[in-house]
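[1] give me the fold of what follows.
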Amino acid sequence: MGVIKGINLGVIFLMELAVLAAAGLWGFTFRPQLIWRLLLGLGGPAVLIVLWGMFGAPTASHKLHGAARVVFELGWFGTGVVALAAAGYLTRAVIFAVIGIVSKTLAVVWHQ
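    Predicted coordinates:
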């Protein structure tokens with residue numbers, strides 16, 4: 001069972017990184033003008049990195065717990081789903097959402 005729990009933590013970590021990639025993908029496809037693509041494609045993930053560092057990381061300066069943590073993670077992973085859908089990858093957005101729901105549910109059940 002320990003191996004499965006470790007795999008689940010790995011999936012969650014990869015999904016956290018995938019949110020950044022999805023935000024960048026959305027930004028680079030948002031507008032045809034280069035300045036908007038650069039601003040949103042690089043700026044979106046940068047803002048998310050700052051938020052994760054402040055509230056979500058294990059060593060966060062303002063680490064969230066309880067309901068606040070749940071809301072933050074819903075927003076975090078929801079951002080990835082919305083970014084994928086907005087970039088035109090609806091099927092991948094749905095798959096990402098399903099994997100996220102299953103993985104985070106298992107993490108809660110297993111107290112990860």
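
[2] for the closest residue to residue 77 other than its chain neighbours, what are phi and psi?
    Nearest residue to residue 77 in three dimensions, chain neighbours excluded: residue 100, at 4.7 Å (CB to CB, 6 or more residues apart in numbering). Just so you know, the C-beta spots here come from the backbone N, C-alpha and C atoms, and that holds for glycine as well. Dihedral angles phi and psi of residue 100 (degrees, to the nearest 10) take the values phi -60, psi -40.

[3] in this structure residue 100 contacts residue 15, no?
    Yes: the pair residue 100 and residue 15 passes the contact test of CB atoms under 8 Å, sitting 5.8 Å apart.

[4] the more surrounded of these two?
    Between residue 100 and residue 15, counting by other CB atoms under 10 Å, residue 100 is the more crowded of the two (23 against 18).

[5] can you tell me how far the more buried one sits from residue 1?
    Distance of residue 100 to residue 1, given as CB to CB, to the nearest Å: 21 Å.

[6] ok, the nearest residue to residue 9 once chain neighbours are set aside - how many residues close by?
    Nearest residue to residue 9, sequence neighbours excluded (CB to CB, 6+ apart): residue 112, at 6.0 Å. For residue 112, the count of nearby residues is 13 (other CB under 10 Å).

[7] in the protein, which residue is most central in space?
    Centre of the chain computed as the mean C-alpha position; nearest residue by CA atoms, centre = their mean is residue 19, 3.3 Å away.

[8] tell me which element that residue falls in.
    In the assignment (DSSP states H and E), residue 19 maps to helix 2-29.

[9] where does the chain dip in pLDDT?
    Counting by pLDDT under 70, the chain contains no low-confidence residues.

[10] list the buried residues of stretch 51-58.
    When burial is assessed from 16 or more other CB atoms under 10 Å, stretch 51-58 yields the following buried residues: 51, 52, 55, 56.

[11] for the third one, give me its contacts.
    For residue 55, the contacting residues are 62, 63, 64, 72, taking CB atoms under 8 Å, 6 or more residues apart in numbering as the criterion.

[12] tell me where the chain has helices.
    2-29, 34-51, 66-86, 90-109 (DSSP state H).
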